[in-house]
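> Let me see the structure of the following:
(6 chains)
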Amino acid sequence: MDFSQFNAAEQAHMTKVIEKKQMQDFMRLYSGLVERCFNSCCNDFTSKALSSKEEQCVLNCADKFLKHSERVGQRFAELNAEAMAPPKP
Amino acid sequence: MDFSQFNAAEQAHMTKVIEKKQMQDFMRLYSGLVERCFNSCCNDFTSKALSSKEEQCVLNCADKFLKHSERVGQRFAELNAEAMAPPKP
Amino acid sequence: MDFSQFNAAEQAHMTKVIEKKQMQDFMRLYSGLVERCFNSCCNDFTSKALSSKEEQCVLNCADKFLKHSERVGQRFAELNAEAMAPPKP
Amino acid sequence: MSMFGRTPAASSGGVNHERIEMAINEIDMVSDVFNRIVASCHNKCISPRYAEGDLNKGESVCIDRCVAKFFEVNKKVGEKMQSAGANAQATGATSFGL
Amino acid sequence: MSMFGRTPAASSGGVNHERIEMAINEIDMVSDVFNRIVASCHNKCISPRYAEGDLNKGESVCIDRCVAKFFEVNKKVGEKMQSAGANAQATGATSFGL
Amino acid sequence: MSMFGRTPAASSGGVNHERIEMAINEIDMVSDVFNRIVASCHNKCISPRYAEGDLNKGESVCIDRCVAKFFEVNKKVGEKMQSAGANAQATGATSFGL
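Residues are numbered from 1 along each chain as shown, chains lettered A, B, ... in the order given. As a prediction, this is how the structure comes out:
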């Protein structure tokens, strides 16, 4: 996205909008991660405590999900930049 | 959540926000319930009318979903209160 | 929905709200369609290029999804009008 | 509208914010239900093989019945919740046959 | 509030917009987590046959443990992200035991 | 912005609301697509056993190809809808290679 044609007031406004959106995105990423790892790792409800096996699964799942999102973000940024670039002759 | 440090204007504002949010949550709960019970109970599309078996399934499903949500709400409130309390010595 | 009791300012306001909502709905429909067709058609990640078989699947999927949505929209409008009509004697 | 304070411009313009807000709630709900029907009836009626782009006869008939059945379910659930008194606050939801 | 400009009416009314916005974020997050628990624990604990409308004993006990376990998972993930420094910006999320 | 009336403060501050609204739409769409890619490629590439926390070589390569393929699908669908004239109103969606 290119906000260079925005005036100062508009750029300030967009900065606030983007900050707010990033905060919301982070919260949704976080709760989506918890839900996904809970659903994959927890299948035994004979106890309310996390077993050590479940805990290890959750920690690996969270770790992997964050690395996954980061890698997707890198590729996404590259491909988006490519798609926005003027077509090559 | 603790809004006790809010002034009167802020508390009035929050009350409106919360009412609006409750309304939206209720509507989303409602349509989510319809979708879930439809998906679980209706698998025969040789007729457009609900069979009596499907209808009973839908009524039980709705009943059970509401009781489920209520029970989750009770446990959620207890655990959230616990998590917010000052740590015990 | 019946906005006939709205005054001119309110109707103008609602027109803007509805336009904005249609734009958002269209964008969500579009990205939901891409996600659905990707998930149904792409299962081979030994290459980053779309195979001709995958491409044909995606095109048929998009086509069918749009026709599906349109048909649902027609039935929805009819049934909604029926539900809003005064009950027959 | 209550969420964002009342702007002088708007209130002098004669816009009844309560009424607008209820109308927006109604639009949001109808649109939410519509999107759920599209997804549910796609899952029920459309084969994910995508050998052709047109709806075949069986799919078309299935869609018609599926939408009608979803409305029936919506109605039954609405009646149940009404009798349970659970929807005292849902008075804004007047349009979707509730 | 920052999203929609500051209206004169609101700022003269003594409303601290930052504070309101953080409170709304908090409510949104708690409500989002609650909805995810309802869906996840329904999938884990409730049989989709719907032979009766009441929760049976096994389902009730399962729900209690499921909600508790979801909180545990939420806590573990929160600690992990805190130690990873990933949640520097999540300071608004104070209420859900994070 | 149109949704909440135009506040005197904002319009005297020289903010073009149409332009802001289009930019917000664009951000929302890019973010929606990104979240869908994260979910879809997780389902396609990541084994749900979680024996370790690192991405292995196979998963990493799969992710790269998956994201590229999702973009391809997005492009094909965009072209199809453009030729169908269905996206006359989608002119705000300029950034995601559409």
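> Just give the nearest non-adjacent residue to the most centrally placed residue in chain A, would you?
Centrality entry for chain A: nearest residue to the mean C-alpha point is residue A:29, 4.9 Å, by Cα atoms, centre = their mean. Distances taken as Cβ to Cβ, 6 or more residues apart in numbering or on different chains place residue A:69 nearest to residue A:29, at 6.8 Å, with adjacent residues excluded. The C-beta positions use only the backbone N, C-alpha and C, and glycine is treated the same way.
> now swap in residue A:63 and tell me
residue F:53 (3.1 Å).
> residues near the closest residue to residue D:48 other than its chain neighbours, how many?
Of all residues not flanking residue D:48 in the chain, residue C:40 sits nearest, at 4.5 Å (Cβ to Cβ, 6+ apart). For residue C:40, the neighbour count with other Cβ atoms under 10 Å in any protein chain shown is 18.
> what residues are up against residue C:40?
Contact analysis of residue C:40 by Cβ atoms under 8 Å, 6 or more residues apart in numbering or on different chains lists C:57, C:61, D:48, D:50.
> Now for those, which sits with the most neighbours around it?
Highest neighbour count within these, by other Cβ under 10 Å: residue C:61, with 25 neighbours.
> and that residue, what does it touch?
Residue C:61 neighbours (Cβ under 8 Å, 6+ apart): C:33, C:36-37, C:40-41, D:50.
> With respect to chain B, which of the residues you listed is nearest?
Of all the contacts of residue C:61, residue C:36 has the smallest distance to chain B: 16.1 Å, by Cβ to the nearest Cβ.
> Tell me the buried residues in the helix or strand harbouring the closest one?
Element membership for residue C:36 (DSSP states H and E) is helix C:8-41. Of the residues in helix C:8-41, those buried by neighbour count under the rule 16 or more other Cβ atoms under 10 Å in any protein chain shown are C:9-10, C:13-14, C:17, C:23, C:26-27, C:29-41.
> picking up where we left off before, now, which of the contacts of residue C:40 sits nearest residue B:81?
Comparing the contacts of residue C:40 against residue B:81 with Cβ to Cβ places residue D:48 closest, at 45.4 Å.
> Distance check, that closest one against chain B.
According to Cβ to the nearest Cβ, to the nearest Å, residue D:48 and chain B sit 16 Å apart.
> lowest-pLDDT helix or strand in chain A?
Sorting the helices and strands of chain A by mean pLDDT, DSSP states H and E puts helix A:8-41 at the bottom, at a mean of 90.
> Tell me what angle the helix or strand just after that helix forms with helix A:8-41.
Under the assignment DSSP H and E, the closest C-terminal helix or strand after helix A:8-41 is helix A:52-84. If you take axes from the mean of the first three to the mean of the last three Cα atoms, to 10 degrees, helix A:52-84 sits at 140 degrees to helix A:8-41.
> average pLDDT across helix A:52-84?
For helix A:52-84, the per-residue pLDDT values average out at 95.
> got the contact list for the closest residue to residue A:71 other than its chain neighbours?
Sequence neighbours aside, residue F:63 is the residue nearest to residue A:71 in space, at 5.1 Å (criterion: Cβ to Cβ, 6+ apart). Taking Cβ under 8 Å, 6+ apart as the criterion, residue F:63 is in contact with A:68, A:71-72, A:75, F:41, F:45, F:55.
> one more time with 6 Å
The neighbours of residue F:63, taking Cβ atoms under 6 Å, 6 or more residues apart in numbering or on different chains as the test, are A:71, F:41, F:45.
> What is the burial count for the last one?
It stands for residue F:45. So residue F:45, with other Cβ under 10 Å, has 22 neighbours.
> now do the first one
When neighbours are counted by other Cβ under 10 Å, residue A:71 registers 19.
> how close does residue A:10 get to chain E?
Distance from residue A:10 to chain E, by Cβ to the nearest Cβ: 11 Å.
> and that residue, how far is that from chain D?
19 Å.
> Is the residue nearest to that residue when sequence neighbours are not counted in a helix, a strand, or coil?
Nearest non-adjacent residue to residue A:10, counting by Cβ to Cβ, 6+ apart: residue F:15, 5.3 Å away. The three-state assignment at residue F:15 reads coil, by DSSP: H, G, I helix; E, B strand; the rest coil.
> Isn't residue F:15 up against residue A:8?
No - with contact defined as Cβ atoms under 6 Å, residue F:15 does not count as touching residue A:8 (10.0 Å).
> Just list the residues touching the residue nearest to residue A:63, thanks.
Neighbours of residue F:53 in contact, by Cβ under 6 Å, 6+ apart: A:60, A:63-64.
> Over to it. Which of the three states is it?
Applying three-state DSSP: residue F:53 is coil.
> List phi and psi for it.
Note on residue F:53: backbone dihedrals following degrees, to the nearest 10 are phi -90, psi -10.
> can you tell me how far it sits from residue A:59?
Noted for residue F:53: a distance of 7 Å to residue A:59, by Cβ to Cβ, to the nearest Å.
> from chain A, which residue is nearest to chain D?
residue A:20 (13.7 Å).
> on that earlier part again, what's the residue nearest to residue A:10 in contact with, if anything?
Contacts of residue F:15 (Cβ under 6 Å, 6+ apart): A:9-10, A:13.
> can you give me the helices for chain D?
D:8-12, D:17-45, D:57-83 (DSSP state H).
> looking at those helices, which is closest to residue E:83?
helix D:17-45 (38.4 Å).
> The closest one packs against which elements?
Using 3 or more Cβ pairs under 6 Å, 6 or more residues apart in numbering or on different chains; DSSP states H and E, the elements in contact with helix D:17-45 are helix B:8-41, helix C:52-84, helix D:57-83.
> So for that helix, mean pLDDT?
Mean per-residue pLDDT for helix D:17-45: 91.
> how much distance is there from that helix to the middle of the chain?
A distance of 3 Å separates the centroid of the chain from that of helix D:17-45, by Cα atoms, centre = their mean, to the nearest Å.
> Next, the angle from it to helix C:8-41.
20 degrees.
> Can you mark which positions in helix D:17-45 are buried?
Result for helix D:17-45 [16+ other Cβ under 10 Å]: buried residues D:17, D:19-27, D:29-30, D:32-38, D:40-42, D:44-45.
> How about stretch D:56-74?
Buried residues in stretch D:56-74 (16+ other Cβ under 10 Å): D:59, D:62-74.
> For burial, what's the neighbour tally of residue D:14?
10.
> Please report the distance of the closest residue in space to it that isn't next to it in sequence from residue B:20.
Closest residue to residue D:14 apart from its sequence neighbours, by Cβ to Cβ, 6+ apart: residue C:9 at 5.0 Å. Noted for residue C:9: a distance of 22 Å to residue B:20, by Cβ to Cβ.
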